[in-house]
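>>> Could you work out the structure for the sequence below:
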Amino acid sequence: MESKAVHPLHQIAQTPTYKLLLKQWLKEEELILNRLSLKETQIDSARQEITHLYCLFHSTALLLLFVAASHQSGPHLCKRSWLPSLCSLLCSLEFIWAIWYKTDVECHLEKMLDREKEDSKLLAKCVEELKRKGVEFDLLKEVDALRRAKSLRVESKPVRKWSDYRIGFL
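Predicted coordinates:
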């Protein structure tokens, strides 16, 4: 009678090295999923802040227009009409700068999220291969392929600080 072919997961369970590797990769998958969830929450928060800034900008602009229109009586206001205009311009520039910064933060977070998703796909592929092949899984070849895939990615530049935007904008 021929011996039954041993299932790859049973082979992994009998081999301490492969068993440990599978546990580590499954734990890493869980950590990546947690980071994905955190990044998605941060992106949602950044988008919400951008929306609030837009609403605040428009409400402030409408308020300034209303106040300026309601106090347009008397010849003495014409001499200093540049003051409300200058305040409005500075306020508008600050809002535009803040929205620009938050948009850059959102783009950076989206790039990081895409990178985490790519890591998750690569790791899931390796876990699936390990589960499918069992002890026939070539550790050196597959792990090197994973490392090469990660190292070939281009690093994104970090988000600039608030002060960099203020100087660059003005």
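>>> can you pull out the helices in the protein?
For the chain, the helices defined by DSSP state H occupy 8-14, 16-70, 82-133, 139-151, 162-169.
>>> For the first one, which residues meet the burial criterion?
If you call a residue buried by 16 or more other Cβ atoms under 10 Å, then helix 8-14 has these buried ones: Pro8, Gln11, Ile12. For the C-beta atoms, the positions are set from N, CA and C on the backbone; glycine is no exception.
>>> Now do the same contact list for the last one.
Ile12 makes contacts with Tyr18, Lys19, Leu22, Leu130, Lys131, Gly134, Val135, as judged by Cβ atoms under 8 Å, 6 or more residues apart in numbering.
>>> circling back: I'd like the helices of the chain as JSON lines, with mean pLDDT appended.
JSON lines is the format used below for those (pLDDT from 0 to 100):
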{"stretch": "helix 8-14", "mean pLDDT": "83"}
{"stretch": "helix 16-70", "mean pLDDT": "86"}
{"stretch": "helix 82-133", "mean pLDDT": "87"}
{"stretch": "helix 139-151", "mean pLDDT": "73"}
{"stretch": "helix 162-169", "mean pLDDT": "53"}
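>>> follow-up on the earlier one: buried among the contacts of Ile12? Make that a ChimeraX selection.
Only the buried entries of those go into this ChimeraX selection, using 16+ other Cβ under 10 Å:
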select :18,22,130,134
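>>> any chance of the contacts of Ile12 in JSON lines, plus distance to Ser45?
Output for the contacts of Ile12, formatted as JSON lines (distance: Cβ to Cβ, whole Å):
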{"residue": "Tyr18", "distance to Ser45": "41"}
{"residue": "Lys19", "distance to Ser45": "40"}
{"residue": "Leu22", "distance to Ser45": "35"}
{"residue": "Leu130", "distance to Ser45": "36"}
{"residue": "Lys131", "distance to Ser45": "36"}
{"residue": "Gly134", "distance to Ser45": "44"}
{"residue": "Val135", "distance to Ser45": "46"}
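>>> residue closest to the middle of this structure?
For the chain, Leu109 is the residue whose C-alpha lies nearest the centre (Cα atoms, centre = their mean; 1.8 Å).
>>> Count the residues that sit near the closest residue to that residue other than its chain neighbours.
Among residues not flanking Leu109 along the chain, Ile43 sits closest, at 4.8 Å (Cβ to Cβ, 6 or more residues apart in numbering). For Ile43, the neighbour count with other Cβ atoms under 10 Å is 18.
>>> How far away from the center of its chain is stretch 86-98?
Here stretch 86-98 is found 27 Å from its chain centre; the criterion is Cα atoms, centre = their mean, to the nearest Å.
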